[in-house]
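Asks: pasting the structure only:
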């Protein structure tokens, strides 16, 4: 935990998101297991092409037992699930996948097919391209679950909630939401 004294024995999901409490997500990931995590994150578009209309898109990695068996020729270990719970370990996402996942949460749960194309010029004039829902949607279950996440992400950027990005939007004339994270560093011989 980044907090020297921790966040307490019991932490609500809203506080865990707002203050980026890794131990909460370690425990949650361990309880869920990699199979449930992989399946649900696949619904958000991780580990697959976003389908955006451009070449050279990478798909990232949404690890699973099968992925590890195919790519590393070994079994999945519980500690790897814990790392996946905070977006580290084998999990590798592209900026487009992250932006699309956050937009899905912000839009109230609708996941859209990404596109750079805004309109097509034809003889009759410009024809606007209508947004299309992605083939696979996210099931948040009870809408209250989505509301908890949205509210917690708003608190991430607010001082009064001691959000981890509380200074990022100081003085901004608009409201914001976010989720902070830390990078995974590899120790080198020079360190």
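Replies: Ah, there it is. Computed from a prediction, not measured in an experiment: that's the story for all the values here. Numbers count the residues shown, from 1 in each chain.
Asks: Below-threshold pLDDT in the protein: ranges please.
Replies: Along the chain, segments meeting pLDDT under 70 span 182-191.
Asks: And the strands in it, which stretches?
Replies: Secondary structure of the chain (DSSP state E): strands at 119-122, 125-128.
Asks: ok, and what's touching the first one?
Replies: Contacts of strand 119-122 from elsewhere in the structure, counted by Cβ atoms under 8 Å, 6 or more residues apart in numbering, are 126, 127, 128, 129. C-betas here are computed from N, CA, C, even on glycine.
Asks: Helices of the protein, residue ranges please.
Replies: Assigned by DSSP state H, the chain shows helices spanning 13-18, 22-32, 34-43, 65-72, 78-84, 95-106, 143-156.
Asks: closest one to residue 6 among those helices?
Replies: helix 22-32 (7.2 Å; Cβ to Cβ).
Asks: re the thing from before, and the contacts of strand 119-122 as CSV, adding distance to residue 87?
Replies: Formatted as CSV, the contacts of strand 119-122 follow (distance: Cβ to Cβ, whole Å):
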residue, distance to residue 87
126, 40
127, 39
128, 35
129, 32
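Asks: Quick one: which of those residues is the most crowded by neighbours?
Replies: residue 129 (12 neighbours; other Cβ atoms under 10 Å).
Asks: picking up where we left off before, in JSON lines: the helices of the chain, plus mean neighbour count.
Replies: Conversion of the helices of the chain to JSON lines gives the following (neighbours: other Cβ atoms under 10 Å):
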{"stretch": "helix 13-18", "mean neighbour count": "19"}
{"stretch": "helix 22-32", "mean neighbour count": "17"}
{"stretch": "helix 34-43", "mean neighbour count": "17"}
{"stretch": "helix 65-72", "mean neighbour count": "13"}
{"stretch": "helix 78-84", "mean neighbour count": "18"}
{"stretch": "helix 95-106", "mean neighbour count": "17"}
{"stretch": "helix 143-156", "mean neighbour count": "16"}
